[in-house]
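A.B. asks: Model the following, please.
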Amino acid sequence: MSLPPLVEPAPELTVDEVRRYSRHLIIPDVGMDGQKRLKNAKVLCVGAGGLGSPALMYLAAAGVGTLGIVEFDEVDESNLQRQIIHSQADIGKSKALSAKETVEGINPYVRVNLHEERLDSSNVMEMFAQYDLIVDGTDNFATRYLVNDACVLLGKPYVWGSIYRFDGQASVFWAEHGPCYRCLYPEPPPPGMVPSCAEGGVLGVLCASIGSIQVTEAIKVLTGTGEPLLGRLMIYDALEMTYRQVKVRKDPDCAVCGENPTVTELIDYEAFCGVVSDEAQAAALDATITPRQLKEWIDGDEKIDIIDVREPNEYEIVSIPGARLIPKNEFLMGSALSDLPQDKRIVLHCKTGVRSAEVLAVLKNAGFADAVHVGGGVIGWVNQIEPEKPVY
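C.D. replies: I've put the predicted structure just below:
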């Protein structure tokens with residue numbers, strides 16, 4: 001579907017800018033008006049990695065007046081196979097700074113704002129509010145859902161891309177005119193189900209293919225040219241050299257942009273996506289039991305203290321028999337440690353096992369060496385032991 005231009009045109013182009021953008025200016029669908037809109041646009045790129053590299057370079061070359069870069073990482077040699085905005089000389093340097101230097105080398109008329117910090121719920125709303133359009137080049141589900149929800153809440157459009165091995169996807173999400181990312185992917189995959197590029201690899205040039213599509217869509221949205229990929233998912237297979245499209249419809253039951261949204265503010269996206277820290281993974285390595293093991297311990301009158309680390313409203317929906325509620329935050333603050341028995345084994349659980357693994361790491365560090373947690377959490381318990389109970 002065609003959309004009106006996202007931004008108003010700048011007052012004028014300088015003589016030098018007219019010379020620089022002359023190949024745009026002679027395209028009837030862009031012209032002087034479209035180029036002025038690009039000059040007046042403010043675009044934020046989330047990430048200066050595989051997708052962010054070509055996106056930033058082509059947005060700069062196209063004459064987008066203000067570019068923001070959100071990036072907290074440093075350049076590593078393994079990045080150079082695909083992150084073409086960086087060079088050998090940039091190894092060890094801030095990616096944001098390296099990207100800024102490259103952008104300024106491409107187009108000195110572009111203003112570059114650096115946000116050298118990890119994007120999270122505490123800063124995303126203020127940051128996104130400064131820009132007209134977001135280009136999402138992230139590679140993890142927690143940040144993707146964060147970007148989507150923040151854009152929906154702020155009424156911002158954004159261009160999304162994803163890459164893995166030889167496959168890529170791209171789309172435009174704008175809840176005011178069509179679907180959002182949650183309409184396409186209502187729930188994240190289980191932790192570990194989808195390997196990252198670091199685990200599974202990615203063809204370097206695939207980044208250029210998808211990144212250039214993202215920039216094409218950004219230019220179309222900013223200038224009101226053509227028909228953006230709003231309501232359409234573009235799927236690219238580099239091995240077969242095929243492109244295909246899938247229609248994406250707005251979901252009236254979508255949790256964030258539906259008719260009766262349940263997500264009306266930012267949530268804990270790490271927990272939502274089942275992201276577990278390295279410390280939690282190490283703590284859970286030899287200290288994870290199954291719901292059936294817990295049932296055997298309960299039936300055998302083992303000396304255990306079952307602790308539910310979820311929130312009170314979750315505990316009210318469904319709980320494991322005999323479990324007492326001590327929310328995760330009380331362990332992180334340290335206030336819960338004094339209430340733990342010394343003569344019983346601590347058994348932790350949450351909804352799926354993510355939060356309980358984090359709490360387990362706290363207990364291990366506090367000296368509760370025999371503490372364990374329930375893999376799969378209360379959802380696993382209901383599925384295996386008490387299927388008649390509700391799940392949420």
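A.B. asks: quick one: residue 273 and residue 142 touch, right?
C.D. replies: Yes - in terms of C-beta atoms under 8 Å, residue 273 counts as a neighbour of residue 142; the distance is 4.3 Å. In this view, the C-beta of every residue, glycine as well, is placed from N, C-alpha and C.
A.B. asks: can you list residues touching both of those two?
C.D. replies: Residues touching both residue 273 and residue 142 (C-beta atoms under 8 Å, 6 or more residues apart in numbering): residue 188.
A.B. asks: contacts for the strand or helix carrying residue 271?
C.D. replies: If you go by DSSP states H and E, residue 271 is part of helix 269-272. Applying C-beta under 8 Å, 6+ apart, the external contacts of helix 269-272 come out as 120-121, 142-143, 145-146, 188, 275, 354-355.
A.B. asks: What residues sit buried inside the following helix or strand past that helix?
C.D. replies: Heading C-terminal from helix 269-272, the first helix or strand you meet, by DSSP H and E, is helix 278-284. By neighbour count with 16 or more other C-beta atoms under 10 Å, helix 278-284 contains the buried residues 280, 283-284.
A.B. asks: Could you list every helix and strand in contact with helix 278-284?
C.D. replies: The contact analysis (3 or more C-beta pairs under 8 Å, 6 or more residues apart in numbering; DSSP states H and E) places helix 278-284 against helix 354-365.
A.B. asks: Check which residues of the helix it packs on are buried.
C.D. replies: By neighbour count on 16+ other C-beta under 10 Å, the buried set for helix 354-365 is 354-364.
A.B. asks: Dump those into CSV; add pLDDT as well.
C.D. replies: Output for those, formatted as CSV (pLDDT from 0 to 100):
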residue, pLDDT
354, 85
355, 89
356, 93
357, 92
358, 89
359, 94
360, 95
361, 94
362, 94
363, 96
364, 95
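A.B. asks: Quick check: of those, which lies closest to residue 246?
C.D. replies: residue 354 (30.2 Å; C-beta to C-beta).
A.B. asks: Look up how far residue 115 lies from the closest one.
C.D. replies: With the distance defined as C-beta to C-beta, to the nearest Å, residue 354 ends up 27 Å from residue 115.
A.B. asks: How about residue 384?
C.D. replies: 45 Å.
A.B. asks: do residue 334 as well
C.D. replies: Distance, residue 334 to residue 115, using C-beta to C-beta: 32 Å.
A.B. asks: So for those two, which sits in the more crowded spot?
C.D. replies: residue 115 (18 against 10; other C-beta atoms under 10 Å).
A.B. asks: now the residue nearest to the more buried one when sequence neighbours are not counted, which residues is it bridged with?
C.D. replies: Leaving aside its chain neighbours, residue 115 sits nearest to residue 70 (4.5 Å; criterion: C-beta to C-beta, 6 or more residues apart in numbering). Residues in a beta bridge with residue 70, per DSSP bridges, are residue 46, residue 115.
A.B. asks: check contacts around residue 70.
C.D. replies: 44-47, 96, 115, 117, 119, 127.
A.B. asks: Dump those to a markdown table, plus pLDDT.
C.D. replies: Below are those laid out as a markdown table (pLDDT from 0 to 100):
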| residue | pLDDT |
| --- | --- |
| 44 | 98 |
| 45 | 98 |
| 46 | 98 |
| 47 | 96 |
| 96 | 97 |
| 115 | 98 |
| 117 | 95 |
| 119 | 96 |
| 127 | 98 |
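A.B. asks: For those residues, work out which two are farthest apart.
C.D. replies: Across those, the longest distance by C-beta to C-beta is 14.2 Å; it joins 45 and 117.
A.B. asks: Backbone dihedrals for the closest residue to residue 238 other than its chain neighbours, both of them.
C.D. replies: Nearest non-adjacent residue to residue 238, counting by C-beta to C-beta, 6+ apart: residue 166, 4.2 Å away. Note on residue 166: its backbone torsions stand at phi -110, psi 10 [degrees, to the nearest 10].
A.B. asks: wait, residue 166 sits on residue 203?
C.D. replies: Yes - Residue 166 is within contact range of residue 203, at 5.4 Å (criterion: C-beta under 8 Å).
A.B. asks: Can you check what pLDDT the model gives the residue nearest to residue 238?
C.D. replies: What the model reports for residue 166 is a pLDDT of 96.
A.B. asks: show me where the protein has strands.
C.D. replies: Counting by DSSP state E, the chain has strands at residues 42-46, 66-70, 111-115, 133-136, 158-164, 167-173, 232-237, 242-247, 288-289, 304-308, 324-325, 345-349, 372-374.
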